[in-house]
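J.: structure for the following, please:
(chains A and B)
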Amino acid sequence: MAQLDLYNIYLNMEKEDIILSFKGDITKELLSSVYQIVEARIESGNEDPKKKKKFFHVLVECLQNMYNHMETMQGMDNDLPENSGSGIFMIGKGEEGGYRIITGNFILTENAGILKERIDQINAMNPQELKAYYLEKLGSTELSDKGGAGLGIIDIARKSGNKIEYDFQYPSSKYSFFTLSATIN
Amino acid sequence: MDNLILEGSNKTPAINFKADTGILEIAGKSIPENSFGFYQPLFAWIDNYVLNPVAKTEIKISLEYFNTSSSKCLLDILRKLEALKKSEKSDVSVSWYYESDDEDMMEAGQDYDSLVDLTFNIIKI
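T.: Now for the predicted structure:
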């Protein structure tokens, strides 16, 4: 294995003000640990309790969105590195004392178009429209077989109060790498 | 019938459903990945309770956090209780608690109030 340039990774994370990051298998147990670490950390800070709650709430939705929708890839695609069936997330300090949550995971390329459309649709809504859309979805949808209620993305936009940033990269024809970034001011 | 009592965890709320008093309490955090798995026994208990309820039923919800998949399950519980009220077998009310600095939780109570036909008391702790 070639020498890993950990120093550069460190510098980049320092520059981006990352307070917690993880790459690997996203399990329920991992998420429990992350919630505990983050809760302990935000409890000890002297920040606005409202902002802490919003941050924790959005964090849970972002991580569970990844947990529920990431593809665990079987029969790996030749264009992808081995063991790509894992995810990555970073929690950072944003501008003006805010927080940033970034998740990255593989999805099926055939689902990328509809996901992009959904986020664009949600990003175009103002707070009143988001609330109405959330209530409409809450009242009408059933839980999916992946355990989601189709509400996560709407809730992330609604609670964070910011547009959701995203990116799709296409390392193979079958799988796409989806990055989602939420900011809480 | 038996009461349903579950201890809370860092992802799931404490449950205290009492058939003899008609007081159903949900308190703490509700952020499990698989909400349906957690709530299924609650649905089953309520389905059984509504067959032979006491005259007054009160559900007390005091949550610190809940995720979107729990929000769906909470609505399902409230819809079951709405049907109970409609059947006129029990007078059902909802007490929704929120911490004074938590406007989002207050708003969530108002959201549910707008979705079901039940008497809501939204109470600041």
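J.: tell me how far the residue in chain B positioned nearest to chain A lies from A:Cys62.
T.: Here chain B gets closest to chain A at one residue, B:Thr68, 3.8 Å apart by CB to the nearest CB. C-beta coordinates here come from the backbone N, C-alpha and C atoms, glycine included. The gap separating B:Thr68 from A:Cys62 is 11 Å, by CB to CB, to the nearest Å.
J.: if we can go back for a sec, what's the local residue count around the residue of chain B closest to chain A?
T.: Neighbourhood size, B:Thr68 [other CB atoms under 10 Å in any protein chain shown]: 26.
J.: how far away is the residue of chain A found nearest chain B from B:Cys73?
T.: Closest contact between chain A and chain B, by CB to the nearest CB, is at A:Leu151 (3.8 Å). Plainly put, A:Leu151 is 12 Å away from B:Cys73 if you go by CB to CB.
J.: go on, A:Thr179?
T.: Using CB to CB, we find A:Thr179 at a distance of 30 Å from B:Cys73.
J.: A:Arg41 too?
T.: Taking CB to CB, one finds A:Arg41 at 29 Å from B:Cys73.
J.: between those two, which is the more surrounded one?
T.: B:Cys73 (23 against 13).
J.: report the next helix or strand after the helix or strand harbouring that one in sequence order.
T.: Assessed by DSSP states H and E, B:Cys73 sits inside helix B:68-86. Using DSSP H and E, the helix or strand that follows helix B:68-86 in sequence is strand B:91-98.
J.: given that next one, what are its sheet partners and their directions?
T.: The sheet places strand B:91-98 alongside strand B:56-66 (parallel), strand B:119-124 (parallel), with pairing taken from DSSP bridges.
J.: tell me where the longest helix sits in chain A.
T.: When chain A is parsed with DSSP state H, its longest helix is helix A:49-69.
J.: residues of that one that come out buried?
T.: Of the residues in helix A:49-69, those buried by neighbour count under the rule 16 or more other CB atoms under 10 Å in any protein chain shown are A:51-69.
J.: buried set for the helix or strand hosting B:Ala44?
T.: Using DSSP H and E, B:Ala44 maps to helix B:35-49. Neighbour-count burial for helix B:35-49 flags B:35-36, B:38-39, B:42, B:45-46, B:49 (criterion: 16+ other CB under 10 Å).
J.: A:Arg158 is in contact with A:Ile164, correct?
T.: No. Checked against CB atoms under 8 Å, the pair A:Ile164 and A:Arg158 is beyond contact range at 10.5 Å.
J.: just to revisit the earlier point, out of the buried residues of helix B:35-49, who's near chain A?
T.: Restricting the buried residues of helix B:35-49 to those adjacent to chain A (criterion: CB under 8 Å from any CB of the partner chain) gives B:35-36.
J.: closest one to A:Leu6 out of the buried residues of helix B:35-49, please.
T.: Closest approach to A:Leu6 among those (CB to CB): B:Ser35, at 38.4 Å.
J.: wait, doesn't that closest one sit right on B:Cys73?
T.: Yes. With contacts counted by CB under 8 Å, B:Ser35 reaches B:Cys73, the gap being 4.9 Å.
J.: so where's chain A uncertain?
T.: Chain A contains residues with pLDDT under 70 at A:1-2, A:72-85, A:141-149.
J.: so which residues on chain B come close to chain A?
T.: Listed as neighbours of chain A in chain B under the rule CB under 8 Å from any CB: B:10-11, B:31, B:33-36, B:65, B:67-69, B:71-73, B:75, B:101-104, B:111, B:114-115.
J.: swap the cut-off to 6 Å and go again
T.: Within reach of chain A by CB under 6 Å from any CB of the partner chain, chain B has these residues: B:31, B:33-34, B:36, B:67-69, B:72, B:101, B:111, B:115.
J.: nearest to B:Ser87 among these?
T.: B:Leu115 (19.0 Å).
J.: tell me the contacts of that closest one?
T.: Neighbouring residues of B:Leu115 by CB atoms under 6 Å, 6 or more residues apart in numbering or on different chains: A:Gly139.
J.: measure it to A:Lys174 for me?
T.: 40 Å.
J.: so what pLDDT did the residue of chain B closest to chain A get?
T.: Here, the pLDDT recorded for B:Thr68 equals 92.
J.: just the one 4 residues further on next, same as before
T.: At B:Lys72, the predicted lDDT confidence score is 92.
J.: can you pull the contacts of the residue of chain B most remote from its centre?
T.: For chain B, the largest distance from the centre (CA atoms, centre = their mean) belongs to B:Asp101, which lies 21.5 Å off. Each residue near B:Asp101 by CB under 6 Å, 6+ apart is listed here: A:49-50.
J.: phi, psi of it?
T.: phi -90, psi 10 (degrees, to the nearest 10).
J.: tell me, what's touching A:Leu151 and B:Cys73 both at once?
T.: Counting by CB under 6 Å, 6+ apart, nothing touches both A:Leu151 and B:Cys73.
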